[in-house]
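Novice: take a look and give me a structure for this.
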Amino acid sequence: MAAQLPDDFKCPISLEIMSDPVILSSGHTFDRGSIQRWLDAGHRTCPITKLPLPEPPSLIPNHALRSLISNYTLVSLPKPQPQPPNPQTLIQLLRSPSSPLEGKLASLDQLIRVCKRDSAIRRRLAESGAVSAVLNCVDSGEPGLQEKALQFLLNLSLDDDSKVGLVAEGVVGKVVYALHSGVGDSRAVAATVLTSLAVLEVNKVTIGSYPDAIPGLVSLLRIGNLRERKEAATALFTLCSFPDNRLRAIQFGAVPILIQNLNSGLERAVEVLGILAKSKPARDEMMKFNGILDILIRIVRNGSSRGVQYALLTLSPLCCYSEKMCLEAVREGLFETCVALLEDDNEKVRRSAKTLLQVLQGKRKNV
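Specialist: All right, here's what the predicted structure looks like:
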């Protein structure tokens, strides 16, 4: 087996073997690409010593080290194999206040890669203090660091065994913070983390009890970009299977915002409306929205299979609750549309169409 490359060959910032080592005036050597990014970001101190650098900073090629790396690779590692990173080393780098931003980003990248497909590694990381180290990155104020930290937490949450533990370690509060204050893709990833955690019933209760969790998702539905609104709707759908969370979503104005999103093409919003329609306060809010019937009928006739299913699930309690809406739905030809859906390939669509037909049946004679 080939020997492992010495640590002195690795860049202190990227932790990768250097391909173009250069020396700073502090006497420390870095890979040119990594230290150049550090300087381009406006830093004028050595990443290791924190001592000031002259202006302009000089990067002196370290020909001796470059030659050593090249010769060592040729002699000792004719067929180099990638070495798996030591998770504890990466975690320590994240914890250290003196670690440069580039090093922390590189550490998070490696942690994300190693835990993405291996549940055993995810469990070990969750048990080794990685979560607390990564949580400090979520509210660090560095957008790139925040997004990668959230992606790492999302990977850890893939295993049901880890979901309760993550919540117990305070993940929800940090994720909700990112939901409100994140930049770039952080808000969308934060909503996805909440969806993943909320798969467990006990976590639905805990997440919903956070004062800013559901309001944050509703706000994201209102002001977010398309990806953020999709992820916010998915998180609300998952959380609102718990009745108390339905009432919270209604209280914070989710119903009209969901209808507006549905009308503008976000079909995922109808899934949340289908859940909320089980509640009388939600039905009252839906009835106030001018054009709600036309919007739902349009989804029934032109939506995806899942969209059709949830539009029917929304219409059934609305028509049962309101005789006026029921008569209007019959006049709009919804009865005939539901009859045609009894032949649909999707069993859930057929069942939902049959339920709505039973509601419409008695009113059809009065039209």
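
Novice: make it CA atoms for all contacts and neighbour counts henceforth
Specialist: Will do.

Novice: any low-confidence regions in this structure?
Specialist: The model of the chain has pLDDT under 70 over residues 1-4, 73-85, 362-367.

Novice: what are the ranges of the strands in the stretch 1-150 of the chain?
Specialist: Remark: strands assigned in the stretch 1-150 of the chain by DSSP state E, counting those that start in this stretch are 21-23, 29-31, 60-61.

Novice: most tightly surrounded among those strands?
Specialist: When the strands of the stretch 1-150 of the chain are scored by mean count of other CA atoms under 10 Å, the highest mean neighbour count falls to strand 29-31 (a mean of 26).

Novice: what comes up buried for stretch 62-74?
Specialist: Buried residues in stretch 62-74, counted by 16 or more other CA atoms under 10 Å: 62, 65-66, 69, 72-73.

Novice: that older thread, and the strands of the stretch 1-150 of the chain: which comes nearest L258?
Specialist: strand 29-31 (50.2 Å; CA to CA).

Novice: what lines up beside that closest one in the sheet?
Specialist: Paired with strand 29-31 in the same sheet, following DSSP bridges, are strand 21-23 (antiparallel).

Novice: any idea how far the strand it pairs with is from the middle of the chain?
Specialist: 38 Å (CA atoms, centre = their mean, to the nearest Å).

Novice: residues contacting it, please?
Specialist: Strand 21-23 has contacts (CA atoms under 8 Å, 6 or more residues apart in numbering) with 11, 29-32, 59-63, 65-66.

Novice: just give me the closest of the residues you listed to L217.
Specialist: Of all these, C11 has the smallest distance to L217: 40.9 Å, by CA to CA.

Novice: just give me the residue closest to the centre of this structure.
Specialist: V189 (2.2 Å; CA atoms, centre = their mean).

Novice: so what's that residue up against?
Specialist: 147, 150-151, 154, 231.

Novice: beyond the host helix or strand of it, next helix or strand please.
Specialist: If you go by DSSP states H and E, V189 is part of helix 186-197. Reading on from helix 186-197 to the C-terminus, the next helix or strand found by DSSP H and E is helix 201-209.

Novice: ok, residues contacting the helix or strand just after that following helix?
Specialist: Counting by DSSP H and E, the next helix or strand C-terminal to helix 201-209 is helix 213-223. With contact meaning CA under 8 Å, 6+ apart, helix 213-223 is reached by 176, 179-180, 191, 207-208, 228-230, 232-233, 235-236, 245, 248-249, 252-254, 257-258, 261.
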